[in-house]
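Trainee: Sequence first, predicted model second:
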Amino acid sequence: MSLTSIKNKNSKVDADNKLSYDKDYDKEEQEREKKLGKNYKWIALSNTTLGILMATIDSSILIISLPAIFSGLGINPLTPGNIGLLLWLLLGYIIMSSVVVVTIGRLSDMFGRVKLYNLGFLIFSIGSIILYVISYTLVGVTAVLAMIVFRLVQGFGGGFLFANGTAILTDAFPKNQRGTAIGINQIAGIIGSVLGLVIGGILSAIDWHLIFLISVPVGIAGTVWAYLALREIASIKKGQKLDILGNITFAASLTIILLSLTFGILPYGNASTGWGNPYVIGGLIAGILLMISFIFIEKYAADPMFHLELFKIKSFFAGNLSLLFAGIARGGLQFMLIIWLQGIWLPLHGVSFQNTPLEAGIDLVPLLLGFLIGPVAGRLSDKYGSRFLSTSGMLINVLGFLLLLTLPANFSFIPFALIIFLIGIGQGMFAAPNTTSIMNSVPPEQRGATSGMRATLMNISFMFSLVIFFGLLTTGLGTALPNALYKGLISQSVPQSTALAISKLPPTSAIFAALLGYNPMETLIPASAFNGIPKSNQTIITGNKFFPNLISQPFINGLHFVFIIAAILAFIAAIASYMRGSDKNKNQILEKQTTLKK
């Protein structure tokens, strides 16, 4: 047989397979519409989009509003004893949802995704109501500790939403529309994380109590709506057992690792970070050992928490690997840009430090606008596959990170806006096609656990990104900032001993001050020393330009390290994305899914 005839025969087989595949999905869609009605999939999309929007707004709303909250509670968040409270209030939500989301995904596969999604909405709403009550009834450290507890409750409820939203959409939509649906849902999540900054700034300027109220009516309405409108359409396999040992091991491992990472970015002793802290080192070692134990447990468990053999599916493995590296590349970027805007650029352009949080949120709107390409990318992935779009998105991110290297500390806004808009486009092109590829690659009965694993990787990548970028930034600042601070303070008649003491403070103090909208010089110089300085020098030191001019060059040196590493990570993500292979022959995925079922 000639080579041409073999090719023609293979083309005919592929065409027949595609025709058979499309007929199966047409039949599946007809049966779904007959059972649930033509509009059910759009109801599922609108409700899960509301859920993800609410959950992501709450994940970022405190970044901007913390100064108003701590001021209202009568606490200075920058005193050494309170920085831990600040971090827990900021990151506790993400840590909790990261730890529980895979377990919840597995429980959803066992007992029903809609049931647990509804429960998550309820838990989230209860946490929101209690947080609002606490804001009026408690003060001081007691109030902050209570808020941390119920932010964890919110994170627990959010874990149910993160674990099940994508799985519910995958169940509700036919394969040729999933990319569009997931694109809309994910863009809502990305918009929520940026919108939280703006809403937090606006509400903190009006009344900081409203920050905890805003999610209450949305949560209650979403809970009632989900209970009345959503239907359980996934096939639930009977007789499944919960892998208790696997779940405990995974949760313990992830909790210890994330806690160690959190304390690793705090000062320890005379060091600017806590990586020399024996508890941090021991925690990371223990967490890694527990994760290795989890892998062995899952390998031999009769009914594992997560089927590790899913990683044998090429598109699943490559999609999650690219998700992890893409998340590390972009996760901490938002924090770095906020610090850049609030600590340097906005004060240099006449914005008072207390107004910089809201202004920074507004200035990041171009990044949000770039994300809006997500639904278009999702729709295109339904037609043409995920590999080209997701890979191109990450390559666009590489270009965006490298372009950020060209900007000085005091940049012109239009080039900055265009670059972050480009980065937003790249992330929008990557997110929906990549998620669709992952969810399409697994058997239907594994979608809950798969959605949970994907959400966990996203949250873990954010924490890793924050730790890596924060470490690079503080390292860059640590080498040049002390000398710059010392010389600058001496030039303004600050006593030599005071200037020397301030120059030896860890850079994290200045970074947290800028992030929270405080003038760092007002928090770093003791009141007794400040009152002894001539009035004219006091005005200069506490003005908008003194600190930004001091920190700009050391900061930009550290930031360049961040952007270079981000570009490298995005390039690795692009390679991993390309490894997924072509989506054209969908029957290959179906064959692997069938093998896994057996």
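Mentor: Good, I have the coordinates. If you're wondering where the values come from, they're calculated on a predicted model, not measured in any experiment.

Trainee: low pLDDT regions in this structure?
Mentor: 1-34, 78, 80, 514-515, 517, 583-598 (pLDDT under 70).

Trainee: distance of Tyr268 from Val216?
Mentor: In this view, Tyr268 and Val216 are 39 Å apart by Cβ to Cβ, to the nearest Å. Using the backbone N, CA and C atoms, a C-beta is placed for each residue, glycine as well.

Trainee: what do you get for Ser412?
Mentor: For Ser412, the distance to Val216 - Cβ to Cβ - is 42 Å.

Trainee: Could you check which of these two has the larger neighbour count?
Mentor: Val216 (18 against 9; other Cβ atoms under 10 Å).

Trainee: pretty sure the more buried one is in a helix, no?
Mentor: Yes. The assignment for Val216 is a helix, going by DSSP: H, G, I helix; E, B strand; the rest coil.

Trainee: Next up, the contacts around it.
Mentor: Ser125, Ser128, Ile129, Tyr132 (Cβ atoms under 8 Å, 6 or more residues apart in numbering).

Trainee: same question, Ile94
Mentor: Ser59, Gly155, Asn459, Phe462, Met463.

Trainee: change it to 10 Å
Mentor: 59-60, 151, 155, 158, 258, 262, 458-460, 462-463, 466 (Cβ atoms under 10 Å, 6 or more residues apart in numbering).

Trainee: does it count as helix, strand or coil?
Mentor: Assignment for Ile94 (three-state DSSP): helix.

Trainee: Apart from its neighbours in sequence, what residue is nearest Gly276?
Mentor: Tyr268 (5.9 Å; Cβ to Cβ, 6 or more residues apart in numbering).

Trainee: how near is that neighbour to Leu516?
Mentor: 21 Å.

Trainee: cool, Pro415 as well?
Mentor: Pro415 is 27 Å from Leu516, by Cβ to Cβ.

Trainee: quick one: which of these two has more around it?
Mentor: A direct count of neighbours by other Cβ under 10 Å for Pro415 and Leu516 places Leu516 higher, at 24 against 13.

Trainee: surely that one meets Pro357?
Mentor: Yes. The pair Leu516 / Pro357 is scored as a contact, 7.5 Å apart, by Cβ atoms under 10 Å.

Trainee: joint contacts of these two?
Mentor: Contacts common to Leu516 and Pro357, judged by Cβ under 10 Å, 6+ apart, are Ile63, Ile64, Ser65, Leu66, Pro67, Ala68, Gln342.

Trainee: Secondary structure class of the fifth one, three-state.
Mentor: Secondary structure assignment for Pro67 (three-state DSSP): helix.

Trainee: For it, grab the count of nearby residues.
Mentor: With other Cβ under 10 Å as criterion, Pro67 counts 20.

Trainee: same check, this time on the third one
Mentor: Burial of Ser65 is recorded as 28 neighbouring residues (other Cβ under 10 Å).

Trainee: Kindly state the beta-bridge partners for the residue nearest to Gly276.
Mentor: Taking DSSP bridges as the rule, Tyr268 bridges to Ala271.

Trainee: Around Leu402, count how many other residues there are.
Mentor: Neighbours of Leu402 (other Cβ under 10 Å): 15.

Trainee: what sits against it?
Mentor: Per Cβ under 10 Å, 6+ apart, neighbours of Leu402: Ile419, Phe563, Ile564, Ala566, Ala567, Ala570.
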